[in-house]
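Q: can't give you the sequence, but here's the structure:
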């Protein structure tokens, strides 16, 4: 059904935009993203992350769960609990992160500003951006219609930062509801982080304390 909706939308846009179809498609995707952004108050999801190191052509995969609370006009608060290949928890609140590794009895804390933040936290910030913020921060290109892992049909957009930041490009795969279900960030050295969100649970009640990672007594804390 969604594939048919996408096809109809694309055909309609091609028939009405005579000079260039790409701006029309991008406009439709951004409109859906904006409507979704306005109605999203919380998000719980399963998450898979692929970390690619270009120099040695190596992939590292992780799986876990996400709790995400958008903050309109502010940085979002979220928590990821990784379960595979090892147990690890990451929270980001007010630009401060805590990464707790239970097996090492160790926690790392610091600011996400000016560093390559752990656990894909930088790319997740795109979920917290309005249409105005996206257009202000990125040049946006339409790549095409694609299915992400699991079979969800999406529009694929590429985002090129307008100003120099910590990465050279980002890609988002947006479903029919305007939800970015997959995000990819490519660093200047061609390393990349790809995050897939699935089993989405939107707008359920989440206590702000659920986002915090509590570090047990006796844990070695390293401040970065």
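A: Now that the structure is in, tell me what you want to look at. Keep in mind it's a predicted model, so treat the numbers as computed, not measured.
Q: Give me the residue at the spatial middle of the protein.
A: residue 124 (3.2 Å; C-alpha atoms, centre = their mean).
Q: Please work out the average pLDDT along the host helix or strand of that residue.
A: Taking DSSP states H and E as the criterion, residue 124 maps to helix 121-124. Helix 121-124 comes out with an average pLDDT of 73.
Q: C-terminal to it, which secondary structure element comes first?
A: Trace forward from helix 121-124 with DSSP H and E and the next one is helix 131-137.
Q: what's that following helix packed up against?
A: Under the contact definition 3 or more C-beta pairs under 8 Å, 6 or more residues apart in numbering; DSSP states H and E, helix 131-137 sits against helix 21-39, strand 153-161. Backbone N, C-alpha and C define where each C-beta goes, glycine included.
Q: Can you tell me what sits against whichever helix or strand comes after the longest one?
A: Toward the C-terminus, helix 21-39 is succeeded by strand 43-53 as the next helix or strand (DSSP H and E). By C-beta atoms under 8 Å, 6 or more residues apart in numbering, the list of residues contacting strand 43-53 from outside reads 58-70, 80, 119-120, 127, 149, 191-202, 204, 206.
Q: Now do the buried residues in strand 43-53.
A: Across strand 43-53, burial judged by 16 or more other C-beta atoms under 10 Å covers 43-45, 47-49, 51-52.
Q: any idea of the mean pLDDT for it?
A: 95.
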